[in-house]
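K.L.:
below are the sequence and a predicted model; questions follow.
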Amino acid sequence: MSLPPRFLLSAWPWLAGLGSLLAAGPAWGQDVYFSQAFANRQAENPAWTGLVDDYSATLSYRDQFPQLAGSFQTVQLAAGWRLPKPGLHHALGLLINQDQAGTVGYTRLGATAQYAYHTRLTRTLALSGGAQVGYGRQRVGYDNLTFGDQYSADGSYAGATAERLAGFPPVNYLTAGVGGVLYAEEAWLSISGQNLNQPNLGFSTQAGLPLRLTVSGGYKLFLQKPAGSGKGEQREISFIPTASYTRQGGSRRSEAGAYLLADPVTVGALYRNLNSPNLGTQHVVAVVAGIAVGSLRVGYSYDVGVSQLASDLGGAHEITLTLRAFDKLENAFRRLKRRNYPNAPCPDF
C-alpha cells in the first residue's frame, strides 16, 4: 500500500527522531548529564546536598540536539537544606526532573529524595556521605503519528485513524544511589554510584537503566582571596581546573575543563569525550558562564559539537537559575566556636 506524500512529510520528523534513538540502542536507558555540573551537583552525587549553602533551590533547563526533530529537553528542580541542629551534620535534598523528546512522544518523570551526612575529619578536611531513593515513570506514545486512512485521495486531512495503537505501556520504577565527597578549602574528590538496582525500563531486554559510576574532582588556585569587612572588601579571584569520568553500561564519558572566578562572574570551558558502542567517539566543547546577583545565581552554557555527528545534531543549550542562602552571622558564630566546615571549593554559580 502506498502512502500519500503528505503522510510521509508528516511522519518524517517522528521517523527521524525514532531512527536516532534506535541507532543509540541502549541509550534509552542513559541518564541525562548537564554541562553545568556544579550548578546541578545534586544530580551527580547526593553527598553534595547542603554542602555549599545552608539552603538552595536550582531550576535547570537543557535543550539537547536542537537540530533533531523535537530535540531532547530536560527540566530539573533541585533543592537542598542543611539542618542547623544538631551540629550541622545532616542535610536533606529533593530532585524533580522531566525528560521529553517531543516528536517521539517520549517522556520520563522522576522524583528523588536525598540525605547527606557531613563531618569534619580534621580542622581543614571534611567528608560528606549521601544516599538517595528515586521514583521514575517513563512512557513512549504514538500521539504524533498520522496514517494513510487520515487523508483523502487529494491529500487533505480527513480525520482520526482507525488503527488500533496500544503503544508502549508506561513503566514505573525505583532507583537508588550513594556517594561521597572528600574536600578541603582548595580541593575536592567526588565518587558516586547511581541506579544501584539497575531498574528495568521495559522497552526491550536491553532497556534497563545501567549502573552509573562517576569520579570527579578539582583544585581551586586562589589568585586573590576574599577579605572580610575588617580588612576592606576584597572579591575572590580564583582559577579552578576540574576533571571527571563517568561509566554507564557500555558508554563512557570523560571531561576536563577549567573555570575562572572573578566574583561575581564565573566563566569556563570544558572538553567532553563521549564513547558508546553504537555511536563511536564524539567530541564536544562546552562554554559556560555564570553571574551572582545577591542570592540569585544565573548560568548559561552552550555545547559545540567538534566531531561530525555531534555537530550535525546541534549541541545543546542549558540555563540554570539558583536561589541560595548562607547565614553570615551564623557562620561567624560557627567560626568563633570552631564548628564551621571548610568551604566547598567547587564553582557554585
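P.N.:
In hand now; what should we look at?

K.L.:
low-confidence ranges in the stretch 51-200 of the chain?
P.N.:
Filtered on pLDDT under 70, the stretch 51-200 of the chain yields the residue ranges 66-71, 102-105, 141-150, 152-168.

K.L.:
what about the strands in it?
P.N.:
Assigned by DSSP state E, counting those that start in this stretch, the strands in the stretch 51-200 of the chain fall at 55-64, 72-82, 90-101, 106-120, 126-140, 168-183, 187-194.

K.L.:
I'd like the ones you listed written out as a markdown table, with distance to residue 214 added.
P.N.:
Yep, even glycine has a C-beta here, placed from its N, CA and C like the rest. Below are the strands of the stretch 51-200 of the chain laid out as a markdown table (distance: least, Cβ to Cβ, whole Å):
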| stretch | distance to residue 214 |
| --- | --- |
| strand 55-64 | 17 |
| strand 72-82 | 16 |
| strand 90-101 | 15 |
| strand 106-120 | 15 |
| strand 126-140 | 13 |
| strand 168-183 | 8 |
| strand 187-194 | 5 |
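
K.L.:
nearest to residue 208, of these?
P.N.:
Residue 208 lies closest to strand 168-183 among these, at 9.3 Å (Cβ to Cβ).

K.L.:
partner strands of the closest one, parallel or antiparallel?
P.N.:
In the sheet, strand 168-183 lines up against strand 126-140 (antiparallel), strand 187-194 (antiparallel) (DSSP bridges).

K.L.:
tilt between it and strand 106-120?
P.N.:
Put simply, strand 168-183 runs at 20 degrees to strand 106-120, going by axes from the mean of the first three to the mean of the last three Cα atoms, to 10 degrees.

K.L.:
with only the CA atoms kept, save strand 168-183 in CSV.
P.N.:
What follows is strand 168-183, C-alpha atoms only, in CSV (Å, rounded to 0.1, in the frame of the first residue of the first chain):
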residue,chain,number,x,y,z
PHE,A,168,4.4,1.0,25.0
PRO,A,169,2.7,0.8,28.4
PRO,A,170,4.1,3.3,31.0
VAL,A,171,6.9,1.9,33.1
ASN,A,172,7.2,2.7,36.8
TYR,A,173,10.5,2.1,38.6
LEU,A,174,12.6,2.8,41.7
THR,A,175,16.3,3.6,41.7
ALA,A,176,18.9,4.1,44.4
GLY,A,177,22.3,5.8,44.6
VAL,A,178,25.1,6.6,47.1
GLY,A,179,28.1,8.9,47.0
GLY,A,180,30.8,10.7,49.0
VAL,A,181,32.7,14.0,48.7
LEU,A,182,36.1,14.5,50.4
TYR,A,183,37.0,18.1,50.4
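
K.L.:
going forward, count from 89.
P.N.:
Sure, I'll start counting at 89 from here, so that last one is strand 256-271.

K.L.:
check which residues of that strand are buried.
P.N.:
Buried residues in strand 256-271, counting neighbours by 16 or more other Cβ atoms under 10 Å, are found at 256, 259, 261, 263, 264, 265, 266, 267, 268, 269, 270, 271.

K.L.:
so residue 200 versus residue 354, what's the distance?
P.N.:
Per Cβ to Cβ, to the nearest Å, residue 200 is found 26 Å from residue 354.

K.L.:
adding distance to residue 407 as columns, could you present the buried residues of strand 256-271 in JSON lines?
P.N.:
Shown next, in JSON lines, are the buried residues of strand 256-271 (distance: Cβ to Cβ, whole Å):
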{"residue": "256", "distance to residue 407": "31"}
{"residue": "259", "distance to residue 407": "29"}
{"residue": "261", "distance to residue 407": "28"}
{"residue": "263", "distance to residue 407": "26"}
{"residue": "264", "distance to residue 407": "29"}
{"residue": "265", "distance to residue 407": "25"}
{"residue": "266", "distance to residue 407": "29"}
{"residue": "267", "distance to residue 407": "25"}
{"residue": "268", "distance to residue 407": "29"}
{"residue": "269", "distance to residue 407": "25"}
{"residue": "270", "distance to residue 407": "31"}
{"residue": "271", "distance to residue 407": "27"}
